[in-house]
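Asks: here is a sequence together with a model predicted from it:
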Amino acid sequence: MPGKSLVVLDPALGLAIDIFPCEDGHAQERSLLSAVLETVEASDLWIGDGSVHGTDKVEGKLSYYYLADELEGTYRGMMIALPPEQWQDLRSLSLTQFSALLQDWAATVKLEAFTSTPRKPKKKKSKPPYDPAHPHVSTARLLAQKKKSRASPD
C-alpha cells in the first residue's frame with residue numbers, strides 16, 4: 001500500500017514510541033501535525049527534521065545516522081548540564097515565539113557536519129596464482145577423508 005508514516009523516536013529509550021500513518025504518499029509531514037499534537041504532553045520537547053533547511057539541501061546528502069547521534073548526545077548533555085529550573089524560561093514563551101526560537105537555532109546548524117560519505121566501489125581482488133605444491137583442497141573433501149580413515153580398521 002503506498003503512503004508514508006511519521007515515526008516518533010524517544011531519544012532516552014532509543015525506540016520508536018508512536019507512528020502516524022498517512023495514505024497519501026505525496027503528503028507533507030506537516031499535514032499530520034494535528035494528529036501529532038493530540039499526543040503532546042506538558043514538559044515534552046519535540047524536534048523535527050526535514051523542512052527547516054529545505055529538501056534540496058537534505059535529500060541525498062544528510063546522514064540521518066550522524067544527525068540522530070548528534071541530537072541524542074546533545075540532548076543527554078543538556079539534561080546533565082542544565083538544571084530543570086533553566087528550562088522554565090521556555091514555558092513562558094508562546095507557541096509562535098517558541099517556534100521562532102527553534103527555527104533560529106535550526107538555521108545555525110552546519111549541515112555539512114552531518115553529510116554521509118558515499119561508498120566507493122569495491123576493489124576487485126585478483127585471484128592468487130595457482131601453486132601445484134600447495135593445491136587447494138576443500139574442507140568437505142578433507143572431512144570425508146578423515147571420516148573414511150577413522151572407519152577403516154588398522
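Replies: Arrived safely.
Asks: C-alpha only now, for contacts and for neighbours.
Replies: Noted.
Asks: check which helix or strand covers the residue nearest the centre of the chain.
Replies: Central residue of the chain (Cα atoms, centre = their mean): residue 65, 3.7 Å from the mean position. In this assignment (DSSP states H and E), residue 65 forms part of helix 64-81.
Asks: follow-up on the earlier one: what about the residue nearest to the centre of the chain, distance to residue 114?
Replies: 8 Å (Cα to Cα, to the nearest Å).
Asks: care to break the protein down by domain?
Replies: Using automatic domain parsing, the domains assigned to the chain come out as 1-46, 50-118.
Asks: nearest to residue 127, out of the ones you listed?
Replies: Among the domains of the chain, the nearest to residue 127 by Cα to Cα is domain 50-118 (27.2 Å).
Asks: any idea how many residues pack against residue 144?
Replies: Applying other Cα atoms under 10 Å, we find 10 other residues in the vicinity of residue 144.
Asks: quick one: residue 137 is in a strand?
Replies: No: counting by DSSP: H, G, I helix; E, B strand; the rest coil, residue 137 is located in no strand; its state is coil.
Asks: tell me where the model's unsure across this protein.
Replies: Residue ranges of the chain with pLDDT under 70: 1-3, 11, 25, 29-30, 45-60, 153-154.
Asks: and with 90 instead?
Replies: Where the chain drops to pLDDT under 90, the residues are 1-123, 125-138, 141, 149-154.
Asks: strands along that one, start to end?
Replies: Under the criterion DSSP state E, the chain contains strands at 4-10, 15-22.
Asks: out of those, deepest packed?
Replies: For these, the largest average neighbour count (mean count of other Cα atoms under 10 Å) is found in strand 4-10, namely a mean of 15.
Asks: this completes my enquiry, with thanks.
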